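Engineer: Okay, here's the prediction I keep looking at, along with the sequence it came from:
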Amino acid sequence: MAYLKMTRRHLLKIGPGALAFGVAAPAIRGAQDSSRPRLEYAVLGRTGLKVTTVSLGCMVAPEEVIAKAGDLGINWFDTAHSYKGGRNEAEVGRALKDKRDRVYISTKLNGAGVDKMLADLDVSLQRLQSDYVDNLMVHGLSRRAEVLDGDHLEALERAKKAGKTRFLGFSCHSNMAECMEAVAESGFFDDVVVKFNYTADARLLAAVEKAAGAGIGVIAMKTQLGDFPNPGGTLTPHQAALKWVLDNPNITCAVPGTRDFRQLEQNIAVMGQRLAAWERRELERYAAETAALQCTGCGSCQEACPYGVEVAEVRRCSMYLDGYRDPDLARENYRELAGNAAPCVDCSDCVVRCTQGTNLQPMLQQTHLRLA
């Protein structure tokens, strides 16, 4: 995990527990340690659930890290039917089996028709060793029509009526503003997981505010954008990035991906802290210098390729490869794409334009060659 470079003056200014290398966070490097951090809670929209503002994205978390997070009082766990080919739900089930009465589990299903979604839910419940989930979501929506899709709504509603979930939502990696505007107007969903970080543009910020104002619990993912190197010489300021997300009053909680005990320690330490002025300036500088590397998920490239390449999704896989440094995760997600970057290998003139000014063709070509 990469961290922001600091001077001694910065450490004295922000005090213990901020961007230091774990100096004030609870020592949780081994599962045998029982020390507990200071916890902060927020109400998840109209669900009424009080969830820890820093919760756990389980996709890349080992089973022992999931268990430790539960031991420390983290109470919202985000997984999906497809993560690790289903292994992640099984890890969550084993790790939280003896904590089920004090944690909330949220899982996600791919939209594949009502019957298939309900059958997948039964498999998910078996893996999770539970009769129900606290929250059920449709996975990876990117268009208004998908948010309001009749099959998605019917499958979720039937699951709720059967007592297999308490609350309903969806997740969104790209074209987030359009999807957030739709959820605010639908009156159906209780919450949403959305890619949200310091690259968010004005439209997304307004859409998140609108959704929260409509009683939707907004959960932030992809909060720290991996470990892309900073051209200015420092490294990705992970804790500052997480604090930036939690500073937004319309965000209930964040579910950062967490690979090990050290990352868990660093993420949990942010609870209850606020973003310092110097950290905000550092993030702004970092964002400007790395803009060409980052996909903001604005949706401008959606359906722009005449050969059907899902540009934003390919970029997400590239982030898993180079940002998360997880080739297995990148390949797993790349295999699921209906429109991968195979046409880009022999394409001589890319017509898709990125609002960040990124030259997309080399990245798309190389991502396919590395992951296909």
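Structural biologist: Ah, there it is.
Engineer: Same question for stretch 78-90: list its buried residues.
Structural biologist: Buried residues in stretch 78-90, counted by 16 or more other Cβ atoms under 10 Å: D78, T79, A80, H81, S82, Y83, K84, N88, E89, A90. Quick note: C-beta positions are derived from backbone N, CA and C, even for glycine.
Engineer: CA atoms of it as PDB?
Structural biologist: Output of stretch 78-90 as PDB, limited to C-alpha atoms (Å, rounded to 0.1, in the frame of the first residue of the first chain):
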ATOM      1  CA  ASP A  78     -19.600  -5.900   0.900                       C
ATOM      2  CA  THR A  79     -19.200  -9.000  -1.400                       C
ATOM      3  CA  ALA A  80     -20.700 -10.300  -4.600                       C
ATOM      4  CA  HIS A  81     -21.700 -13.600  -6.100                       C
ATOM      5  CA  SER A  82     -19.000 -13.400  -8.800                       C
ATOM      6  CA  TYR A  83     -16.000 -12.300  -6.600                       C
ATOM      7  CA  LYS A  84     -13.200 -14.800  -6.900                       C
ATOM      8  CA  GLY A  85     -15.500 -17.100  -8.800                       C
ATOM      9  CA  GLY A  86     -17.700 -17.400  -5.700                       C
ATOM     10  CA  ARG A  87     -14.900 -18.100  -3.300                       C
ATOM     11  CA  ASN A  88     -15.200 -14.700  -1.700                       C
ATOM     12  CA  GLU A  89     -18.800 -15.300  -0.400                       C
ATOM     13  CA  ALA A  90     -17.600 -18.600   1.100                       C
END
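Engineer: what does it contact?
Structural biologist: With Cβ atoms under 8 Å, 6 or more residues apart in numbering as the test, stretch 78-90 has contacts from 55-59, 91-92, 105-110, 120-121, 123-124, 127-128, 137, 139, 171, 193, 219, 221, 255, 332, 336.
Engineer: Please narrow those residues to those residing in strands.
Structural biologist: Mapping the contacts of stretch 78-90 onto strands (DSSP state E) picks out L56, G57, I105, S106, T107, K108, L109, M137, S171, V193, I219, M221.
Engineer: between those, which is closest to I268?
Structural biologist: Minimum distance to I268 across the ones in strands among the contacts of stretch 78-90 is 9.5 Å, recorded for L56 (Cβ to Cβ).
Engineer: which SS class is the closest residue to the closest one other than its chain neighbours?
Structural biologist: Spatial nearest neighbour of L56, chain neighbours left out: A69 (4.8 Å); criterion: Cβ to Cβ, 6 or more residues apart in numbering. Using DSSP: H, G, I helix; E, B strand; the rest coil, the structure places A69 in helix.
Engineer: For A69, give me its contacts.
Structural biologist: A69 neighbours (Cβ under 8 Å, 6+ apart): L56, A61, F77, T258, L264, I268.
Engineer: follow-up on the earlier one: pick the one among the buried residues of stretch 78-90 closest to A372.
Structural biologist: The closest of the buried residues of stretch 78-90 to A372 turns out to be S82 (Cβ to Cβ; 19.3 Å).
Engineer: Relative to L364, how far out is that closest one?
Structural biologist: Plainly put, S82 is 23 Å away from L364 if you go by Cβ to Cβ, to the nearest Å.
Engineer: go on, N333?
Structural biologist: In this view, N333 and L364 are 15 Å apart by Cβ to Cβ.
Engineer: Give me the more crowded residue out of the two.
Structural biologist: Between N333 and L364, L364 has the larger neighbour count (other Cβ atoms under 10 Å), namely 25 against 22.
Engineer: can you list contacts of the helix or strand hosting the more buried one?
Structural biologist: L364 is part of helix 360-371, with elements assigned from DSSP states H and E. Identification of contacts with helix 360-371 by Cβ under 8 Å, 6+ apart yields 301, 309, 311, 314-315, 317-318, 321, 327, 330-331, 334, 340-342, 344-345, 347, 350, 352-354.
Engineer: Would you write a ChimeraX line that selects the buried entries of these?
Structural biologist: With 16+ other Cβ under 10 Å as the burial test, the buried ones among the contacts of helix 360-371 are selected in ChimeraX as follows:
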select :301,309,311,314,315,317,318,321,330,331,334,340,341,342,344,347,350,352,354
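Engineer: quick one: which of the contacts of helix 360-371 sit in helices?
Structural biologist: V311, V314, R315, C317, S318, P327, A330, R331, Y334 (DSSP state H).
Engineer: Which members of the residues you listed are the farthest-apart pair?
Structural biologist: V311 and P327 (20.4 Å).
Engineer: so L264 is in which element?
Structural biologist: In the assignment (DSSP H and E), L264 maps to helix 261-268.
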